[in-house]
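S.K.: Provide a 3D model corresponding to the input given below.
(one chain, ligands or ions: 1)
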Amino acid sequence: RDLAATPEYTVAIVGSGPGGFYTAQKLLKDLPDVRIDVYEALPVPFGLIRFGVAPDHPEVKNVVHKFDALAQDPRLRLICNVRIDTDLTVDELRSSYDAVILAYGASADKELGVANERNMPNVLSARAFVGWYNALPEYKDLDPDLESSDTAVVIGQGNVALDVARVLLAPLEDLAKTDIAEHALEKLRGSKIRHVYLLGRRGPLQISFTAKELREMLVMPGLKLEIDPSVITNEVAAASDYPPNRARTRLMDLVLQAASATPSVPPTRTWSLLFNASPTELLSDPSDPSRLVGLRYEKTRLEGPPDAARAVPTGEFAVIPCGLLLRSIGYKSLPISGVPFDSKRNVVPNKKGKVLDDEGEPIPGLYASGWVKRGPVGVIATSMYDASETATSILSDIRCGDLGPGGESGTRGYAVMSQLLRERGVEPVLYEDWLAIDSAERKLGELRGKPREKLASLEEMLEVVRK
Ligand code: FAD
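M.R.: Okay, here's the model as predicted:
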C-alpha cells in the first residue's frame, strides 16, 4: 500500500510525554493524511519533562520546543485534562479511532517492602519528592520535614537518586534561578539537611547513575563526597576477571578522584555512597513513634559476575540515623481497564509496540509506547527510538492491510469523544488553553527571576483557561 496516497487515518494517543509525542512525530512524518488526537490526564502536557526532569536541568527540557512544533501541526490535536479510563475508556477510543497508542508512562513507584514504609511520615518515594519540587498537583502539599534532622537517606543509586540528593544539597541561590516550585524553595530555605547517604544493595560496579550527573555533584561548591577509596579499589580488584567497560571505568575514576580530593573551601555539606546495604527496618523515636530517626539495614555480599551480581544477605546489621528517607528504586506503570497488563514486569505486554492479548496475539489497532511499553528505564532519547519502533509497527500494519481507515474523521475520533466529554461534564484543555497557562506561568516566573513559576493546583490551571 502506498502510504503517500493513504485515506485519512484516525489515531488516539494516551499520554503527552516523550513516548506519546515521539510516536506522533514519526506518524506525522510518514503518514500524510493522519489525524492524531493526544489525550493527557493533566491540564498541562509533556509528562516527566515537566514533572520529572530536575529543575536545574533546563537544557533537557528544551525538547518541548520540538513537541510544541508538533502540537502546531493542524493534523495533531492536544486534548489535556482528559483521563483515559475515567473520563473516556480505552474501548470508547478503540471504537472511534483506527489506532490507539498507550503512552501513559509510569504513575506509581516500587516499594522497599519494609514495615510501615507507607505510613511513616518523612518516608517518601522519590516520585513524590520529585513531584513536590516540580509542582505536580498531586504532591503540592507533601510538606516534607527538612528541619528535624541533618541527615537524609536516599535508597537507590541511579540518576533520580542523584537528582533528589542534588536538590537537597544544592546552594539555594542556584536553585532559586530554576523553575523549582516556590513552595519547595521556601521549604529548602529552612532545611537543616547537611548530609545525604545514597544507599545501594549492591556494590560500586553496579551503580546506575551516569558520569554527567555524578560530575554535577562533584563540582557543587561546599559539597564533599565522603567515601573510603579502598571500597572502590577493593571491589574493582575483586572483579579483575571482568574488566569494566570505558563508561564504568570513568565512573570509578571520578568517584576515586573525588574521594581523595581536598576541597578548596571547607565543605558545609557532605554526601556518601553506601554499598552492600539492604534496608530492613525503619526506626522511630520511642517517645514519638511517628518520627523517623533511623534506618536499619542488612549488609550484603555479591554473588555472580558484576553485570549480573546478586546481593545476598549476610546476617550482619547496621543502623544509619536519619530523619528523612527517600526511596528511589524505580517507577512502576499501572494497569488501565480494557488493556492486558503484565503485572510481573508492570508493562503493557507488546511485541515491537503491538499490544498482545493473553494468548500472545496482537490486538488489532492497539499499541504501546514509552515507559508503559518497555518499563520505567531509559532517557528521553530512548523513548524516541522506541516510539519510532511503535510507529513503524503501525505503518507496517497499514501497509499490509491489517489496519484500515474507518471513515471520515469528521464522524469519528474527537467529533464523537468531544460529545461524550460534554455529556460527562469534562472540560478539555486544548493546545491554545495550554499556551495561556504557559504564558501565565512565565509571567509569574519573571516576577521571581525564574524561567517560570508552575501553577501547582488543577484549580489554578483551569482558572487561567476559563478566563
Ligand atoms: P511520561 O513522561 O511519564 O508521560 C506519560 C504521560 O501520560 C504523562 O503526562 C501522564 O500525565 C499521562 N497519563 C498518565 N495516565 C494517563 C491517562 N490515564 N490518561 C491520559 N494521560 C495519562 N530523561 C532524560 O533524558 N534526562 C533527564 O534529565 C531525565 N530526568 C528524569 C528525572 C526523573 C525524576 C524521572 C522519573 C525521569 C527522568 N528522565 C530523564 C526520563 C524521562 O523523563 C522518561 O524517559 C520519559 O519521560 C518517559 O516518557 P513517557 O512518555 O513514557 O512517560
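
S.K.: Go ahead and confirm N122 touches R327.
M.R.: No. If you go by CB atoms under 8 Å, N122 and R327 don't touch, sitting 11.9 Å apart. No exception for glycine: its C-beta is placed from N, CA and C like everyone else's.

S.K.: Name the single longest strand found in this structure.
M.R.: Secondary structure of the chain per DSSP state E: the longest strand is strand 288-303.

S.K.: what's the neighbour count on the closest residue to A126 other than its chain neighbours?
M.R.: Nearest-residue entry for A126: S328, 3.6 Å, with adjacent residues in sequence omitted and distances by CB to CB, 6 or more residues apart in numbering. S328: 27 surrounding residues under other CB atoms under 10 Å.

S.K.: tell me the contacts of S328?
M.R.: 125-126, 154-156, 158, 160-161, 164 (CB atoms under 8 Å, 6 or more residues apart in numbering).

S.K.: Can you flag which of those belong to strands?
M.R.: 125, 154-155.

S.K.: still on that earlier bit, more crowded one of N122 and R327?
M.R.: Ranked by neighbour count (other CB under 10 Å), N122 and R327 place R327 first, with 25 against 20.

S.K.: Provide a list of residues in contact with the residue nearest to that one when sequence neighbours are not counted.
M.R.: Spatial nearest neighbour of R327, excluding adjacent residues (CB to CB, 6+ apart): I155 at 4.5 Å. Shown in contact with I155 (CB under 8 Å, 6+ apart): 112, 161, 199, 279, 325-329.

S.K.: Which one of these is nearest to the ligand?
M.R.: The ligand lies nearest to S328 out of the contacts of I155, by CB to the nearest ligand atom, at 8.5 Å.

S.K.: ok, residues contacting stretch 417-425?
M.R.: With CB under 8 Å, 6+ apart, stretch 417-425 has contacts from 37, 79, 82, 87-88, 92-93, 96, 427-428.

S.K.: From the ligand, how far out is L444?
M.R.: 21 Å (CB to the nearest ligand atom, to the nearest Å).

S.K.: can you count the residues close to whichever residue of the stretch 301-450 of the chain sits closest to the ligand?
M.R.: In the stretch 301-450 of the chain, the residue that lies nearest the ligand is G370 (2.3 Å; CB to the nearest ligand atom). Using other CB under 10 Å, G370 is surrounded by 34 other residues.

S.K.: Map the structural domains onto the sequence of the chain.
M.R.: 3-107+333-466, 108-331 (automatic domain parsing).

S.K.: Just say which of those domains is most tucked in.
M.R.: domain 3-107+333-466 (a mean of 19; mean count of other CB atoms under 10 Å).

S.K.: Quick one: distance of it to the chain centre.
M.R.: How far domain 3-107+333-466 lies from its chain's middle: 16 Å, per CA atoms, centre = their mean, to the nearest Å.

S.K.: now the helices: where do they sit in the stretch 151-300 of the chain?
M.R.: Ranges of helices in the stretch 151-300 of the chain, per DSSP state H, counting those that start in this stretch, are 159-169, 172-175, 182-189, 211-218, 229-238, 246-260.

S.K.: Can you add distance to the ligand and mean pLDDT and give the ones you listed back as CSV?
M.R.: Converted to CSV, the helices of the stretch 151-300 of the chain look like this (distance: least, CB to the nearest ligand atom, whole Å; pLDDT from 0 to 100):
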stretch, distance to the ligand, mean pLDDT
helix 159-169, 4, 98
helix 172-175, 16, 96
helix 182-189, 14, 98
helix 211-218, 8, 94
helix 229-238, 25, 90
helix 246-260, 16, 90
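
S.K.: of all the ones you listed, which lies closest to G365?
M.R.: helix 159-169 (34.1 Å; CB to CB).

S.K.: If I take the closest one and helix 182-189, what angle do their directions form?
M.R.: If you take axes from the mean of the first three to the mean of the last three CA atoms, to 10 degrees, helix 159-169 sits at 60 degrees to helix 182-189.

S.K.: any idea of the mean pLDDT for stretch 448-467?
M.R.: Averaged across stretch 448-467, the pLDDT comes to 96.

S.K.: Contacts made by the helix or strand hosting V38 with the rest, please.
M.R.: Of the helices and strands defined by DSSP states H and E, V38 is found in strand 34-39. If you take CB under 8 Å, 6+ apart as the criterion, strand 34-39 is touched by 6, 8-16, 20-21, 24, 27-28, 45, 71, 75-79, 82, 84, 88, 93, 97, 409, 413-414, 417.
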